[in-house]
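>>> My questions are about this predicted structure, shown below with the sequence.
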Amino acid sequence: MPLPFFMPVFQFSFFCFYLLFKIFPNLFIEQILFSYYNAIMSVILHNSILKLKIETPAQKYRGSRFDWNGTVTQIWFNGKKMLSGEKMRFHRNDRIYGRGLHNEFGIKNCIGYDEIPVGEYFAKIGTGWLKKDEKPYFFYTQYKLEPLDFTWSQSSDTKAVFVCRAENHNGYAYTYTKTVELNADSFSINYLLENTGEKRISTTEYVHNFFLPCNNDVNPSLELEFNWNYDKEKLSENVRTQGLVDFTEKGIKFNKIPSEEYFLGGVWEARSDSSFSENGFWKLTDSKNGVTISEHDSFVPYHCDVWGHRKCISPELFIWLDVPPSEKESWCRTYKFE
(Lines give C-alpha, C1' and ligand atoms only; values in the text may rest on other atoms or scores of the structure.)
Protein backbone atom coordinates (compact mmCIF):
# COMPACT_ATOMS: atom_id res chain seq x y z
CA MET A 1 0.00 0.00 0.00
CA PRO A 2 1.55 3.39 -0.97
CA LEU A 3 2.34 5.92 1.74
CA PRO A 4 0.06 8.99 1.99
CA PHE A 5 1.36 11.92 -0.05
CA PHE A 6 2.32 13.93 3.06
CA MET A 7 4.55 11.23 4.57
CA PRO A 8 7.70 12.04 2.56
CA VAL A 9 7.34 15.69 3.60
CA PHE A 10 6.89 14.68 7.24
CA GLN A 11 9.88 12.34 7.08
CA PHE A 12 12.06 15.03 5.52
CA SER A 13 11.00 17.59 8.15
CA PHE A 14 11.73 15.13 10.95
CA PHE A 15 15.14 14.40 9.44
CA CYS A 16 15.97 18.14 9.29
CA PHE A 17 14.91 18.62 12.91
CA TYR A 18 16.98 15.59 13.99
CA LEU A 19 20.01 16.89 12.07
CA LEU A 20 19.78 20.33 13.67
CA PHE A 21 19.48 18.76 17.12
CA LYS A 22 22.60 16.67 16.53
CA ILE A 23 24.59 19.67 15.28
CA PHE A 24 23.31 22.24 17.81
CA PRO A 25 22.14 20.29 20.88
CA ASN A 26 22.90 23.15 23.26
CA LEU A 27 20.63 25.49 21.30
CA PHE A 28 17.63 23.19 21.74
CA ILE A 29 18.36 22.65 25.41
CA GLU A 30 18.72 26.42 25.92
CA GLN A 31 15.37 27.11 24.24
CA ILE A 32 13.59 24.46 26.33
CA LEU A 33 15.13 25.77 29.55
CA PHE A 34 14.34 29.38 28.58
CA SER A 35 10.67 28.52 27.94
CA TYR A 36 10.48 26.65 31.25
CA TYR A 37 12.15 29.55 33.08
CA ASN A 38 9.64 32.05 31.66
CA ALA A 39 6.73 29.82 32.61
CA ILE A 40 7.75 29.42 36.24
CA MET A 41 8.94 33.01 36.71
CA SER A 42 5.66 34.69 35.75
CA VAL A 43 3.28 35.69 38.54
CA ILE A 44 -0.33 34.62 37.89
CA LEU A 45 -3.26 36.30 39.64
CA HIS A 46 -6.76 34.98 39.04
CA ASN A 47 -10.38 34.80 40.10
CA SER A 48 -13.54 33.46 38.44
CA ILE A 49 -13.56 35.98 35.56
CA LEU A 50 -10.13 37.62 35.42
CA LYS A 51 -6.62 36.23 35.03
CA LEU A 52 -3.44 38.33 34.98
CA LYS A 53 0.02 37.27 33.83
CA ILE A 54 2.71 39.48 35.37
CA GLU A 55 6.27 39.40 34.06
CA THR A 56 8.91 39.54 36.78
CA PRO A 57 11.96 41.86 36.51
CA ALA A 58 14.36 40.85 33.69
CA GLN A 59 12.28 37.78 32.86
CA LYS A 60 12.01 38.92 29.24
CA TYR A 61 12.08 42.70 28.93
CA ARG A 62 15.57 44.16 29.38
CA GLY A 63 15.30 47.41 27.45
CA SER A 64 16.19 50.90 28.66
CA ARG A 65 12.78 52.54 28.12
CA PHE A 66 10.05 50.81 30.13
CA ASP A 67 9.68 49.83 33.78
CA TRP A 68 11.00 46.36 34.77
CA ASN A 69 9.25 46.32 38.14
CA GLY A 70 6.43 43.83 37.50
CA THR A 71 4.55 44.21 34.19
CA VAL A 72 1.06 42.90 33.44
CA THR A 73 1.70 41.36 30.01
CA GLN A 74 -1.66 39.61 29.49
CA ILE A 75 -5.20 39.83 30.82
CA TRP A 76 -7.88 37.19 30.23
CA PHE A 77 -11.45 38.37 30.78
CA ASN A 78 -13.85 35.42 30.71
CA GLY A 79 -11.13 33.49 28.87
CA LYS A 80 -10.51 36.12 26.16
CA LYS A 81 -7.22 37.98 25.77
CA MET A 82 -7.25 41.75 26.22
CA LEU A 83 -3.64 42.88 25.62
CA SER A 84 -1.11 43.07 22.79
CA GLY A 85 2.21 44.88 22.28
CA GLU A 86 4.17 47.74 20.80
CA LYS A 87 5.07 45.82 17.65
CA MET A 88 3.12 43.51 15.36
CA ARG A 89 3.65 39.78 15.85
CA PHE A 90 6.49 39.17 13.36
CA HIS A 91 8.37 42.34 14.34
CA ARG A 92 8.38 41.78 18.09
CA ASN A 93 11.41 41.59 20.31
CA ASP A 94 10.17 41.13 23.87
CA ARG A 95 13.55 42.14 25.26
CA ILE A 96 13.39 45.74 24.00
CA TYR A 97 9.77 46.55 23.02
CA GLY A 98 6.78 47.17 25.27
CA ARG A 99 3.90 44.77 25.93
CA GLY A 100 0.75 44.73 28.00
CA LEU A 101 0.51 47.47 30.62
CA HIS A 102 4.07 48.72 30.38
CA ASN A 103 4.65 51.95 32.29
CA GLU A 104 7.47 54.45 31.84
CA PHE A 105 9.00 57.24 33.88
CA GLY A 106 10.45 60.37 32.29
CA ILE A 107 9.72 59.83 28.61
CA LYS A 108 10.90 63.39 27.90
CA ASN A 109 12.49 64.48 31.15
CA CYS A 110 14.70 61.80 32.66
CA ILE A 111 15.95 62.95 36.05
CA GLY A 112 19.56 64.04 36.20
CA TYR A 113 20.34 63.69 32.47
CA ASP A 114 21.39 67.32 31.97
CA GLU A 115 23.44 67.37 35.19
CA ILE A 116 26.06 64.81 34.18
CA PRO A 117 28.80 64.55 31.52
CA VAL A 118 28.76 62.05 28.66
CA GLY A 119 29.69 58.58 29.91
CA GLU A 120 28.12 59.02 33.36
CA TYR A 121 24.96 57.19 34.43
CA PHE A 122 21.52 58.78 34.99
CA ALA A 123 18.38 57.43 36.64
CA LYS A 124 15.51 55.83 34.73
CA ILE A 125 13.08 54.94 37.51
CA GLY A 126 12.12 51.25 37.60
CA THR A 127 14.50 50.46 34.73
CA GLY A 128 18.11 51.06 35.70
CA TRP A 129 21.06 53.42 35.58
CA LEU A 130 21.53 54.44 31.93
CA LYS A 131 24.78 55.62 30.36
CA LYS A 132 24.55 59.10 28.83
CA ASP A 133 25.65 59.50 25.20
CA GLU A 134 26.55 62.59 23.15
CA LYS A 135 22.95 63.35 22.08
CA PRO A 136 19.93 64.79 23.92
CA TYR A 137 17.90 62.16 25.76
CA PHE A 138 15.58 60.18 23.46
CA PHE A 139 13.28 57.54 24.93
CA TYR A 140 13.63 55.20 21.93
CA THR A 141 17.42 54.93 22.23
CA GLN A 142 18.66 51.66 23.72
CA TYR A 143 21.13 52.93 26.31
CA LYS A 144 23.78 50.85 28.05
CA LEU A 145 22.18 49.87 31.32
CA GLU A 146 23.16 48.90 34.84
CA PRO A 147 20.23 47.02 36.44
CA LEU A 148 18.66 47.79 39.80
CA ASP A 149 17.85 45.69 42.85
CA PHE A 150 14.43 44.03 42.45
CA THR A 151 12.42 41.81 44.78
CA TRP A 152 8.86 40.53 44.60
CA SER A 153 6.36 38.40 46.48
CA GLN A 154 2.92 36.90 45.90
CA SER A 155 0.81 36.78 49.06
CA SER A 156 -2.28 35.18 47.50
CA ASP A 157 -4.00 34.32 44.20
CA THR A 158 -5.10 37.94 43.97
CA LYS A 159 -2.15 40.06 45.15
CA ALA A 160 1.53 40.56 44.27
CA VAL A 161 4.06 43.19 45.34
CA PHE A 162 7.15 44.29 43.40
CA VAL A 163 9.91 46.44 44.94
CA CYS A 164 12.74 48.27 43.20
CA ARG A 165 15.62 49.91 45.11
CA ALA A 166 18.14 52.33 43.62
CA GLU A 167 21.10 53.24 45.81
CA ASN A 168 22.53 56.79 45.80
CA HIS A 169 24.15 57.85 42.55
CA ASN A 170 24.83 61.51 41.71
CA GLY A 171 22.48 62.46 44.55
CA TYR A 172 19.53 60.37 43.35
CA ALA A 173 18.17 57.34 45.20
CA TYR A 174 14.71 55.87 45.66
CA THR A 175 12.55 52.90 46.57
CA TYR A 176 9.70 52.20 44.14
CA THR A 177 6.92 49.76 45.07
CA LYS A 178 4.20 48.45 42.76
CA THR A 179 1.28 46.46 44.17
CA VAL A 180 -1.10 44.61 41.84
CA GLU A 181 -4.35 43.47 43.45
CA LEU A 182 -7.23 41.65 41.81
CA ASN A 183 -10.85 42.32 42.77
CA ALA A 184 -14.11 40.84 41.41
CA ASP A 185 -14.33 42.48 37.95
CA SER A 186 -11.33 44.80 38.24
CA PHE A 187 -7.77 45.09 39.45
CA SER A 188 -5.74 47.96 40.83
CA ILE A 189 -2.09 48.91 40.42
CA ASN A 190 -0.84 50.97 43.35
CA TYR A 191 2.45 52.84 43.04
CA LEU A 192 4.64 54.25 45.82
CA LEU A 193 7.77 56.30 45.11
CA GLU A 194 9.99 57.11 48.11
CA ASN A 195 12.82 59.59 47.59
CA THR A 196 15.75 58.27 49.64
CA GLY A 197 18.34 60.48 47.92
CA GLU A 198 19.66 64.01 48.31
CA LYS A 199 18.00 65.60 45.26
CA ARG A 200 14.38 66.28 44.34
CA ILE A 201 12.74 63.83 41.93
CA SER A 202 10.61 65.68 39.34
CA THR A 203 9.39 63.64 36.38
CA THR A 204 6.38 62.08 34.65
CA GLU A 205 4.94 58.56 34.66
CA TYR A 206 2.30 56.91 32.47
CA VAL A 207 1.18 53.47 31.33
CA HIS A 208 1.47 52.55 27.66
CA ASN A 209 -1.78 50.56 27.69
CA PHE A 210 -1.38 48.11 24.80
CA PHE A 211 -5.04 47.03 24.66
CA LEU A 212 -6.62 44.78 22.05
CA PRO A 213 -10.04 43.50 23.20
CA CYS A 214 -10.68 39.83 22.40
CA ASN A 215 -7.48 39.63 20.32
CA ASN A 216 -9.17 41.13 17.23
CA ASP A 217 -8.03 43.92 14.93
CA VAL A 218 -8.76 47.49 15.94
CA ASN A 219 -12.00 47.99 13.99
CA PRO A 220 -15.24 50.03 13.70
CA SER A 221 -16.78 48.29 16.72
CA LEU A 222 -14.33 50.13 19.02
CA GLU A 223 -15.01 53.50 20.63
CA LEU A 224 -12.73 55.32 23.10
CA GLU A 225 -14.14 57.92 25.49
CA PHE A 226 -12.56 60.15 28.16
CA ASN A 227 -14.34 61.93 31.00
CA TRP A 228 -13.78 65.37 29.49
CA ASN A 229 -14.84 67.14 26.30
CA TYR A 230 -12.04 68.22 23.99
CA ASP A 231 -11.46 70.17 20.79
CA LYS A 232 -9.59 68.23 18.09
CA GLU A 233 -8.30 71.50 16.65
CA LYS A 234 -6.36 72.07 19.88
CA LEU A 235 -4.49 68.75 19.71
CA SER A 236 -0.71 69.19 19.72
CA GLU A 237 -0.41 66.31 17.23
CA ASN A 238 -2.91 64.51 14.99
CA VAL A 239 -1.10 61.88 12.94
CA ARG A 240 -2.69 59.59 10.30
CA THR A 241 -6.25 59.78 11.65
CA GLN A 242 -7.98 61.22 8.57
CA GLY A 243 -10.59 58.71 7.42
CA LEU A 244 -9.55 56.35 10.21
CA VAL A 245 -11.61 57.82 13.06
CA ASP A 246 -14.57 60.07 13.76
CA PHE A 247 -13.92 62.57 16.53
CA THR A 248 -16.63 62.58 19.18
CA GLU A 249 -17.05 65.14 21.98
CA LYS A 250 -15.09 62.98 24.39
CA GLY A 251 -13.06 60.58 22.25
CA ILE A 252 -12.81 58.75 18.95
CA LYS A 253 -14.73 56.06 17.06
CA PHE A 254 -13.00 53.96 14.41
CA ASN A 255 -14.25 53.83 10.81
CA LYS A 256 -11.93 51.09 9.58
CA ILE A 257 -8.99 48.86 10.49
CA PRO A 258 -5.76 50.92 10.75
CA SER A 259 -3.12 50.20 8.11
CA GLU A 260 -0.36 52.08 9.96
CA GLU A 261 0.41 53.68 13.31
CA TYR A 262 -1.77 56.61 14.44
CA PHE A 263 -1.30 59.19 17.17
CA LEU A 264 -3.20 61.92 19.02
CA GLY A 265 -1.07 64.19 21.18
CA GLY A 266 -2.17 66.49 24.00
CA VAL A 267 -5.74 65.22 24.43
CA TRP A 268 -5.86 66.51 28.02
CA GLU A 269 -4.47 69.92 27.06
CA ALA A 270 -7.12 70.13 24.29
CA ARG A 271 -10.05 69.87 26.73
CA SER A 272 -12.85 72.35 25.99
CA ASP A 273 -13.05 73.56 29.58
CA SER A 274 -9.55 74.35 30.80
CA SER A 275 -10.84 74.52 34.39
CA PHE A 276 -11.93 70.85 34.33
CA SER A 277 -9.79 69.08 36.92
CA GLU A 278 -11.33 65.73 37.83
CA ASN A 279 -9.31 62.53 38.20
CA GLY A 280 -8.49 60.82 34.92
CA PHE A 281 -10.77 58.23 33.34
CA TRP A 282 -11.19 56.53 29.98
CA LYS A 283 -13.50 53.83 28.65
CA LEU A 284 -12.98 51.53 25.65
CA THR A 285 -16.15 49.89 24.34
CA ASP A 286 -16.14 46.89 21.98
CA SER A 287 -19.75 46.70 20.75
CA LYS A 288 -19.10 43.59 18.64
CA ASN A 289 -17.94 41.44 21.56
CA GLY A 290 -19.92 43.20 24.29
CA VAL A 291 -16.81 44.15 26.28
CA THR A 292 -16.05 47.43 28.07
CA ILE A 293 -12.65 48.23 29.57
CA SER A 294 -12.07 51.30 31.71
CA GLU A 295 -9.27 52.94 33.67
CA HIS A 296 -10.00 55.02 36.78
CA ASP A 297 -7.08 57.05 38.15
CA SER A 298 -6.44 58.57 41.57
CA PHE A 299 -4.91 61.71 40.02
CA VAL A 300 -5.75 64.62 37.74
CA PRO A 301 -3.93 64.04 34.43
CA TYR A 302 -0.84 66.07 33.63
CA HIS A 303 -0.94 65.04 29.96
CA CYS A 304 -2.75 62.53 27.71
CA ASP A 305 -1.94 60.86 24.38
CA VAL A 306 -3.52 58.12 22.25
CA TRP A 307 -1.34 55.83 20.14
CA GLY A 308 -1.91 52.60 18.28
CA HIS A 309 -1.78 50.39 15.20
CA ARG A 310 -3.81 47.56 13.69
CA LYS A 311 -3.38 45.39 16.79
CA CYS A 312 -3.39 47.99 19.54
CA ILE A 313 -5.09 51.06 21.00
CA SER A 314 -3.23 52.81 23.79
CA PRO A 315 -4.81 55.66 25.80
CA GLU A 316 -2.08 57.12 28.04
CA LEU A 317 -2.81 59.27 31.10
CA PHE A 318 0.30 60.93 32.59
CA ILE A 319 0.95 61.98 36.16
CA TRP A 320 3.46 64.64 37.21
CA LEU A 321 5.62 63.58 40.16
CA ASP A 322 7.49 66.04 42.38
CA VAL A 323 9.02 64.30 45.39
CA PRO A 324 11.46 66.14 47.70
CA PRO A 325 14.18 64.20 49.56
CA SER A 326 12.89 62.03 52.44
CA GLU A 327 9.31 62.28 51.15
CA LYS A 328 7.10 59.96 49.11
CA GLU A 329 4.20 60.02 46.68
CA SER A 330 1.57 57.38 45.89
CA TRP A 331 -0.98 57.00 43.09
CA CYS A 332 -3.28 54.32 41.72
CA ARG A 333 -4.89 53.05 38.53
CA THR A 334 -7.90 50.73 38.56
CA TYR A 335 -8.86 48.74 35.46
CA LYS A 336 -12.42 47.46 35.23
CA PHE A 337 -13.89 44.88 32.82
CA GLU A 338 -17.57 44.54 31.97
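Here it is on my side, so go on.
>>> From one end of stretch 194-211 to the other, what's the distance?
30 Å (CA to CA, to the nearest Å).
>>> With stretch 179-199 instead?
Using CA to CA, one end of stretch 179-199 lies 25 Å from the other.
>>> List the buried residues for it?
179-182, 186-191, 193-197, 199 (16 or more other CB atoms under 10 Å). All C-beta atoms are positioned from the backbone trio N, CA, C, and that covers glycine.
>>> which residues touch residue 131?
Counting by CB atoms under 8 Å, 6 or more residues apart in numbering, residue 131 makes contact with 119, 120, 121, 143, 144, 145, 146.
>>> Contacts only, for the closest residue in space to it that isn't next to it in sequence.
Among residues not flanking residue 131 along the chain, residue 144 sits closest, at 4.1 Å (CB to CB, 6 or more residues apart in numbering). By CB under 8 Å, 6+ apart, the residues touching residue 144 are 64, 130, 131.
>>> which of the buried residues of stretch 179-199 lies closest to residue 114?
Nearest to residue 114 among the buried residues of stretch 179-199 is residue 199, at 12.6 Å by CB to CB.
>>> Check whether the closest one sits in a helix, strand or coil.
coil (DSSP: H, G, I helix; E, B strand; the rest coil).
>>> sorry, back to before: in helices only, show me the buried residues of stretch 179-199.
Here DSSP state H is the test, and those give no hits in helices at all.
>>> Mind checking which of those land in strands?
Using DSSP state E, the subset of these located in strands is 179-182, 186-191, 193-195.
>>> Would you format these as JSON lines with pLDDT included?
Below are those laid out as JSON lines (pLDDT from 0 to 100):
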{"residue": "179", "pLDDT": "98"}
{"residue": "180", "pLDDT": "98"}
{"residue": "181", "pLDDT": "98"}
{"residue": "182", "pLDDT": "96"}
{"residue": "186", "pLDDT": "97"}
{"residue": "187", "pLDDT": "97"}
{"residue": "188", "pLDDT": "98"}
{"residue": "189", "pLDDT": "98"}
{"residue": "190", "pLDDT": "98"}
{"residue": "191", "pLDDT": "98"}
{"residue": "193", "pLDDT": "98"}
{"residue": "194", "pLDDT": "98"}
{"residue": "195", "pLDDT": "98"}
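>>> Let me have the residues you listed in JSON lines, adding distance to residue 151 as columns.
Formatted as JSON lines, these follow (distance: CB to CB, whole Å):
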{"residue": "179", "distance to residue 151": "13"}
{"residue": "180", "distance to residue 151": "15"}
{"residue": "181", "distance to residue 151": "18"}
{"residue": "182", "distance to residue 151": "21"}
{"residue": "186", "distance to residue 151": "26"}
{"residue": "187", "distance to residue 151": "21"}
{"residue": "188", "distance to residue 151": "21"}
{"residue": "189", "distance to residue 151": "17"}
{"residue": "190", "distance to residue 151": "17"}
{"residue": "191", "distance to residue 151": "16"}
{"residue": "193", "distance to residue 151": "16"}
{"residue": "194", "distance to residue 151": "15"}
{"residue": "195", "distance to residue 151": "19"}
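>>> Which of these sits closest to residue 83?
Residue 83 has its nearest neighbour among these in residue 187, at 12.6 Å by CB to CB.
>>> What segments of the stretch 151-300 of the chain are strands?
Secondary structure of the stretch 151-300 of the chain (DSSP state E, counting those that start in this stretch): strands located at 159-169, 172-182, 186-195, 201-209, 222-226, 237-239, 245-247, 251-254, 262-265, 281-286, 291-297.
>>> Just to check, residue 95 is in contact with residue 65?
No. Between residue 95 and residue 65 no contact is recorded; they are 11.5 Å apart, counting by CB atoms under 8 Å.
>>> Buried residues of stretch 229-243, list them for me.
Across stretch 229-243, burial judged by 16+ other CB under 10 Å covers 230, 235, 238, 241.
>>> Domains in this protein, by residue range?
Following automatic domain parsing, the chain resolves into domains at 7-40, 42-337.
>>> Now the residue nearest the centre of the chain: closest residue in space, sequence neighbours ignored.
The centroid of the chain falls nearest to residue 102 when counting by CA atoms, centre = their mean (1.6 Å). Closest residue to residue 102 apart from its sequence neighbours, by CB to CB, 6+ apart: residue 66 at 4.4 Å.
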